[in-house]
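Undergrad: From the sequence below, what's the structure:
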Amino acid sequence: MTSRGTTGPVLRRATQLLTAFTPDRPALTLTQLSRRAGLPLTTTHRLVAELVQCGLLERDADGRHRVGLRLWEIASLAPRGLGLRERALPYMEDLFAVTRENVQLAVREGVESVYVERLAGRHAVPVLTRVGGRFPLHPTGVGRVLLAHAPAEIQESVLAAPLTRFTPLTVTDPDALRKILADVRAHGFAVNDRQVTMDSLSVAAPIRAADGEVVAAVSIVVAAGTALPAALAPAVRATAQGITRALRS
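TA: Down below sits the predicted model:
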(Lines give C-alpha, C1' and ligand atoms only; values in the text may rest on other atoms or scores of the structure.)
Protein backbone atom coordinates (compact mmCIF):
# COMPACT_ATOMS: atom_id res chain seq x y z
CA MET A 1 0.00 0.00 0.00
CA THR A 2 1.46 3.35 -1.01
CA SER A 3 -0.28 6.61 -0.28
CA ARG A 4 1.53 9.02 -2.55
CA GLY A 5 1.76 12.61 -1.37
CA THR A 6 4.39 15.13 -0.51
CA THR A 7 5.89 12.83 2.14
CA GLY A 8 6.10 9.72 -0.02
CA PRO A 9 4.88 6.13 0.43
CA VAL A 10 3.81 4.77 3.80
CA LEU A 11 6.87 2.53 4.16
CA ARG A 12 9.20 5.44 3.52
CA ARG A 13 7.41 7.57 6.09
CA ALA A 14 7.53 4.76 8.65
CA THR A 15 11.27 4.48 8.02
CA GLN A 16 11.65 8.23 8.56
CA LEU A 17 10.02 7.80 11.95
CA LEU A 18 12.16 4.81 12.96
CA THR A 19 15.39 6.51 11.93
CA ALA A 20 14.49 9.60 13.95
CA PHE A 21 15.73 7.74 17.02
CA THR A 22 19.44 8.07 17.78
CA PRO A 23 21.72 6.93 20.63
CA ASP A 24 21.45 10.35 22.24
CA ARG A 25 17.69 10.55 21.54
CA PRO A 26 16.35 7.04 22.31
CA ALA A 27 12.96 8.31 23.54
CA LEU A 28 10.87 10.88 21.67
CA THR A 29 7.42 12.46 22.01
CA LEU A 30 5.04 12.61 19.07
CA THR A 31 5.92 16.25 18.50
CA GLN A 32 9.65 15.46 18.53
CA LEU A 33 9.11 12.53 16.16
CA SER A 34 7.08 14.72 13.82
CA ARG A 35 9.78 17.40 13.76
CA ARG A 36 12.76 15.05 13.44
CA ALA A 37 11.11 12.94 10.73
CA GLY A 38 9.80 15.97 8.84
CA LEU A 39 6.23 14.68 8.85
CA PRO A 40 2.89 16.33 9.73
CA LEU A 41 1.80 15.70 13.31
CA THR A 42 -1.42 13.98 12.22
CA THR A 43 0.51 11.61 9.97
CA THR A 44 3.00 10.94 12.75
CA HIS A 45 0.21 10.17 15.23
CA ARG A 46 -1.41 7.64 12.87
CA LEU A 47 1.79 5.88 11.83
CA VAL A 48 3.18 5.74 15.36
CA ALA A 49 -0.04 4.10 16.57
CA GLU A 50 0.35 1.43 13.89
CA LEU A 51 4.02 0.89 14.70
CA VAL A 52 3.20 0.52 18.39
CA GLN A 53 0.48 -2.00 17.57
CA CYS A 54 3.00 -4.02 15.54
CA GLY A 55 5.59 -3.90 18.31
CA LEU A 56 8.08 -1.92 16.26
CA LEU A 57 7.74 0.98 18.70
CA GLU A 58 6.91 1.01 22.41
CA ARG A 59 5.19 3.77 24.38
CA ASP A 60 6.48 4.74 27.83
CA ALA A 61 4.24 5.69 30.75
CA ASP A 62 5.25 9.33 30.21
CA GLY A 63 4.01 9.28 26.61
CA ARG A 64 7.40 9.08 24.91
CA HIS A 65 8.18 6.40 22.35
CA ARG A 66 11.14 4.05 21.96
CA VAL A 67 12.25 1.45 19.43
CA GLY A 68 10.34 -1.77 20.15
CA LEU A 69 11.80 -5.16 20.95
CA ARG A 70 10.11 -6.63 17.89
CA LEU A 71 12.21 -4.42 15.63
CA TRP A 72 15.37 -5.69 17.33
CA GLU A 73 14.20 -9.29 16.84
CA ILE A 74 13.70 -8.71 13.13
CA ALA A 75 16.98 -6.84 12.70
CA SER A 76 18.92 -9.62 14.43
CA LEU A 77 18.02 -11.93 11.54
CA ALA A 78 20.12 -9.94 9.07
CA PRO A 79 22.61 -12.50 7.68
CA ARG A 80 25.59 -10.16 7.91
CA GLY A 81 24.69 -9.55 11.55
CA LEU A 82 23.48 -12.71 13.24
CA GLY A 83 25.25 -15.35 11.11
CA LEU A 84 28.55 -13.52 11.14
CA ARG A 85 28.29 -12.74 14.83
CA GLU A 86 27.58 -16.36 15.79
CA ARG A 87 30.62 -17.62 13.94
CA ALA A 88 32.89 -14.80 15.04
CA LEU A 89 31.98 -14.64 18.72
CA PRO A 90 34.00 -17.66 19.97
CA TYR A 91 37.18 -16.25 18.40
CA MET A 92 36.44 -12.76 19.67
CA GLU A 93 35.90 -14.19 23.16
CA ASP A 94 39.28 -15.93 22.99
CA LEU A 95 41.00 -12.65 22.10
CA PHE A 96 39.10 -10.84 24.83
CA ALA A 97 39.96 -13.50 27.42
CA VAL A 98 43.67 -13.02 26.72
CA THR A 99 43.69 -9.22 26.57
CA ARG A 100 40.61 -7.96 28.49
CA GLU A 101 40.51 -5.14 25.93
CA ASN A 102 37.82 -3.97 23.49
CA VAL A 103 37.27 -6.45 20.67
CA GLN A 104 35.07 -5.21 17.82
CA LEU A 105 33.47 -6.71 14.72
CA ALA A 106 32.25 -4.57 11.83
CA VAL A 107 30.96 -4.78 8.27
CA ARG A 108 30.75 -2.13 5.56
CA GLU A 109 27.44 -0.61 4.53
CA GLY A 110 27.99 1.88 1.72
CA VAL A 111 30.58 4.40 2.86
CA GLU A 112 30.24 3.60 6.57
CA SER A 113 31.11 0.77 8.91
CA VAL A 114 28.38 -0.89 10.98
CA TYR A 115 29.40 -2.54 14.25
CA VAL A 116 27.72 -5.92 14.76
CA GLU A 117 29.47 -6.99 17.97
CA ARG A 118 31.73 -5.60 20.67
CA LEU A 119 33.25 -7.11 23.80
CA ALA A 120 34.56 -4.70 26.43
CA GLY A 121 36.13 -5.13 29.84
CA ARG A 122 35.38 -2.96 32.85
CA HIS A 123 38.75 -1.25 32.64
CA ALA A 124 39.05 -1.10 28.83
CA VAL A 125 39.56 2.28 27.20
CA PRO A 126 36.21 3.96 26.32
CA VAL A 127 35.25 3.95 22.64
CA LEU A 128 32.77 6.01 20.61
CA THR A 129 31.35 3.02 18.74
CA ARG A 130 28.38 0.84 19.73
CA VAL A 131 26.75 -2.35 18.48
CA GLY A 132 24.38 -1.42 15.66
CA GLY A 133 26.04 1.95 15.28
CA ARG A 134 27.62 3.44 12.18
CA PHE A 135 30.94 5.22 11.85
CA PRO A 136 33.02 6.74 9.04
CA LEU A 137 35.47 4.37 7.42
CA HIS A 138 38.58 6.54 7.27
CA PRO A 139 39.63 6.95 10.95
CA THR A 140 39.09 3.51 12.53
CA GLY A 141 41.04 0.29 12.29
CA VAL A 142 38.11 -1.80 11.07
CA GLY A 143 37.04 1.03 8.78
CA ARG A 144 40.43 1.21 7.10
CA VAL A 145 40.45 -2.55 6.54
CA LEU A 146 36.99 -2.42 4.99
CA LEU A 147 37.83 0.64 2.90
CA ALA A 148 41.13 -0.83 1.71
CA HIS A 149 39.28 -3.84 0.28
CA ALA A 150 36.19 -1.98 -0.94
CA PRO A 151 35.46 -1.50 -4.67
CA ALA A 152 37.38 1.35 -6.28
CA GLU A 153 34.26 3.50 -6.64
CA ILE A 154 33.61 3.28 -2.89
CA GLN A 155 37.19 4.24 -2.10
CA GLU A 156 37.07 7.22 -4.45
CA SER A 157 33.71 8.32 -3.04
CA VAL A 158 35.12 8.35 0.49
CA LEU A 159 38.36 10.06 -0.53
CA ALA A 160 36.55 12.72 -2.56
CA ALA A 161 34.25 13.69 0.31
CA PRO A 162 35.27 15.88 3.25
CA LEU A 163 36.95 13.64 5.83
CA THR A 164 35.91 14.35 9.41
CA ARG A 165 38.74 15.21 11.80
CA PHE A 166 38.15 13.61 15.22
CA THR A 167 41.53 14.46 16.78
CA PRO A 168 44.53 16.58 15.74
CA LEU A 169 46.10 13.36 14.41
CA THR A 170 43.19 12.17 12.24
CA VAL A 171 44.39 11.65 8.67
CA THR A 172 42.17 13.73 6.39
CA ASP A 173 44.48 14.12 3.38
CA PRO A 174 43.25 11.84 0.55
CA ASP A 175 46.74 11.10 -0.77
CA ALA A 176 48.01 10.18 2.68
CA LEU A 177 45.00 7.94 3.21
CA ARG A 178 45.58 6.21 -0.14
CA LYS A 179 49.07 5.26 1.04
CA ILE A 180 47.66 3.98 4.32
CA LEU A 181 45.11 1.81 2.48
CA ALA A 182 47.87 0.40 0.27
CA ASP A 183 49.84 -0.51 3.41
CA VAL A 184 46.76 -2.24 4.84
CA ARG A 185 46.48 -4.40 1.74
CA ALA A 186 50.22 -5.12 1.73
CA HIS A 187 50.60 -6.01 5.41
CA GLY A 188 47.23 -7.60 6.15
CA PHE A 189 46.23 -5.34 9.03
CA ALA A 190 45.38 -1.73 9.82
CA VAL A 191 46.51 0.54 12.64
CA ASN A 192 44.58 3.45 14.11
CA ASP A 193 46.76 5.44 16.49
CA ARG A 194 44.80 8.22 18.23
CA GLN A 195 42.71 8.82 15.11
CA VAL A 196 39.30 8.82 16.83
CA THR A 197 40.20 9.69 20.42
CA MET A 198 43.55 10.74 21.83
CA ASP A 199 43.60 7.86 24.31
CA SER A 200 43.01 4.90 21.97
CA LEU A 201 45.00 2.65 19.64
CA SER A 202 43.44 -0.08 17.51
CA VAL A 203 44.69 -2.83 15.25
CA ALA A 204 42.30 -4.53 12.81
CA ALA A 205 42.44 -7.39 10.32
CA PRO A 206 40.20 -8.57 7.45
CA ILE A 207 37.73 -11.46 7.55
CA ARG A 208 37.15 -13.18 4.22
CA ALA A 209 34.34 -15.24 2.72
CA ALA A 210 34.88 -18.51 0.85
CA ASP A 211 35.55 -16.62 -2.39
CA GLY A 212 38.26 -14.51 -0.75
CA GLU A 213 36.19 -11.35 -0.58
CA VAL A 214 36.65 -9.26 2.57
CA VAL A 215 33.23 -9.26 4.26
CA ALA A 216 34.08 -7.93 7.72
CA ALA A 217 36.89 -6.77 9.98
CA VAL A 218 37.82 -7.49 13.59
CA SER A 219 39.86 -5.21 15.83
CA ILE A 220 41.27 -4.76 19.28
CA VAL A 221 41.22 -1.31 20.88
CA VAL A 222 43.62 -0.51 23.73
CA ALA A 223 44.76 2.58 25.55
CA ALA A 224 47.26 4.54 23.47
CA GLY A 225 50.83 4.06 24.64
CA THR A 226 50.21 0.73 26.38
CA ALA A 227 51.13 -1.58 23.48
CA LEU A 228 52.89 -1.55 20.15
CA PRO A 229 50.81 -2.31 17.03
CA ALA A 230 53.35 -4.94 15.99
CA ALA A 231 52.74 -6.77 19.26
CA LEU A 232 48.95 -6.74 18.82
CA ALA A 233 48.82 -7.59 15.11
CA PRO A 234 49.57 -11.36 15.32
CA ALA A 235 46.72 -12.03 17.76
CA VAL A 236 44.26 -9.91 15.79
CA ARG A 237 45.23 -11.56 12.51
CA ALA A 238 44.91 -15.00 14.09
CA THR A 239 41.41 -14.07 15.30
CA ALA A 240 40.45 -12.87 11.81
CA GLN A 241 41.82 -16.07 10.25
CA GLY A 242 39.86 -18.17 12.72
CA ILE A 243 36.63 -16.37 11.86
CA THR A 244 37.44 -16.72 8.16
CA ARG A 245 37.80 -20.49 8.55
CA ALA A 246 34.52 -20.61 10.48
CA LEU A 247 32.72 -18.76 7.68
CA ARG A 248 34.06 -21.22 5.13
CA SER A 249 33.07 -24.36 7.05
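Undergrad: From here on, just use CA atoms for contacts and neighbour counts.
TA: OK.
Undergrad: okay, now Gln32: neighbour count?
TA: If you count neighbours by other C-alpha atoms under 10 Å, Gln32 ends up with 18.
Undergrad: That one and Arg59: what is the separation?
TA: 14 Å (C-alpha to C-alpha, to the nearest Å).
Undergrad: Closest to the centroid, which residue in the protein?
TA: Val114 (2.1 Å; C-alpha atoms, centre = their mean).
Undergrad: Can you give the contact residues for whichever strand or helix holds Ile180?
TA: Here Ile180 sits within helix 174-187, counting by DSSP states H and E. Contacts to helix 174-187, defined as C-alpha atoms under 8 Å, 6 or more residues apart in numbering, come from residues His138, Arg144, Val145, Leu147, Ala148, His149, Leu159, Ala160, Val171, Ala190.
Undergrad: Which of the residues you listed sits closest to Asp211?
TA: Asp211 lies nearest to His149 out of the contacts of helix 174-187, by C-alpha to C-alpha, at 13.6 Å.
Undergrad: Distance check, that closest one against Leu119.
TA: 24 Å.
Undergrad: got it, and Arg46?
TA: Distance from Arg46 to Leu119, by C-alpha to C-alpha: 39 Å.
Undergrad: who has more neighbours, the two?
TA: Neighbour count, other C-alpha under 10 Å: between Arg46 and Leu119, Leu119 has more, with 19 against 10.
Undergrad: Which residues are in contact with the more buried one?
TA: Taking C-alpha under 8 Å, 6+ apart, one finds Met92, Glu93, Phe96, Glu101, Asn102, Val103, Gln104 in contact with Leu119.
Undergrad: which residues does it form a beta bridge with?
TA: Val103 (DSSP bridges).
Undergrad: Which helix or strand in this structure has the lowest average pLDDT?
TA: helix 69-75 (a mean of 78; mean pLDDT, DSSP states H and E).
Undergrad: next SSE after it?
TA: The helix or strand immediately downstream of helix 69-75 is helix 82-99, counting by DSSP H and E.
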